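Student: give me the fold of what follows.
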Amino acid sequence: MDAVSIVDKMFEADAFSQWLGIEILSVSHGKASLRMRVSKQMLNGFGIAHGGITYSLADSALAFASNSVGKKSLSIETSISHLISLKENDCIVANAFCESESNKLGHYKVQVSLQDQPEKMVALFKGIVYKTSKDWE
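Tutor: Numbering: from 1, shown residues only. Take a look at the predicted model:
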């Protein structure tokens, strides 16, 4: 399967990403770009987006980017740094890419930024995935 077909198949079964309103912008070998708008239901008690929102978008981008390579892959370690807060109706974009990989592990970075100000990074997410021996079919 090619990268787009793999991610389309994953997204079709990914109720959580769909529930968040995530849109797939682009996919290629080891890369994925996703977009999402912050809704009122995503705000915390301070009136800003809950940290789990950017984390969830970045985690989905990691999953799509790492699986687009062709092997079924699972995250084994992730971390995020939140750089600026988000408010209702902010539109954010997550760009995931592979920094390095071996036969069994992939190291990915996901940069989350404002769509209308791509130079303004909202969060930086890092993830390590385990690449299984199972191919996407």
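Student: drop to CA atoms for contacts and neighbour counts, all remaining ones
Tutor: Will do.
Student: continuing past the helix of greatest length in the chain, what's the next helix or strand?
Tutor: When the chain is scanned for its longest helix (criterion: DSSP state H), the result is helix 51-67. Note on helix 51-67: by DSSP states H and E, the next helix or strand toward the C-terminus is strand 71-82.
Student: buried residues in the longest helix of the chain?
Tutor: Along helix 51-67, these residues count as buried under the neighbour rule (16 or more other C-alpha atoms under 10 Å): 51, 53-55, 57-67.
Student: ok, and what's touching it?
Tutor: 3, 6-7, 10, 17, 22, 27-34, 36, 42, 73-75, 80, 82, 94-98, 106, 108-112, 123, 125, 127, 129 (C-alpha atoms under 8 Å, 6 or more residues apart in numbering).
Student: and the lengthiest strand in the chain, what does it pack against?
Tutor: In the chain, taking DSSP state E as the definition, the longest strand is strand 117-135. Judged by 3 or more C-alpha pairs under 8 Å, 6 or more residues apart in numbering; DSSP states H and E, the packing partners of strand 117-135 are helix 51-67, strand 71-82, strand 105-114.
Student: before we move on, back to that, are any of the contacts of helix 51-67 buried, and which?
Tutor: Here, 16+ other C-alpha under 10 Å leaves 3, 6-7, 17, 22, 27-34, 36, 42, 73-75, 80, 94-98, 106, 108-112, 123, 125, 127, 129 buried among those.
Student: just for the chain, where's the confidence low?
Tutor: Nowhere does the chain drop to pLDDT under 70.
Student: give me the residue at the spatial middle of this protein.
Tutor: Ala61 (1.9 Å; C-alpha atoms, centre = their mean).
Student: next one: that one from Lys40, what distance?
Tutor: Distance, Ala61 to Lys40, using C-alpha to C-alpha, to the nearest Å: 22 Å.
Student: do the same with Lys31
Tutor: Per C-alpha to C-alpha, Lys31 is found 29 Å from Lys40.
Student: with Phe46 instead?
Tutor: For Phe46, the distance to Lys40 (C-alpha to C-alpha) stands at 12 Å.
Student: can you pick out the residue with more neighbours from those two?
Tutor: Set Phe46 next to Lys40 and count neighbours by other C-alpha atoms under 10 Å: Lys40 wins out with 13 against 8.
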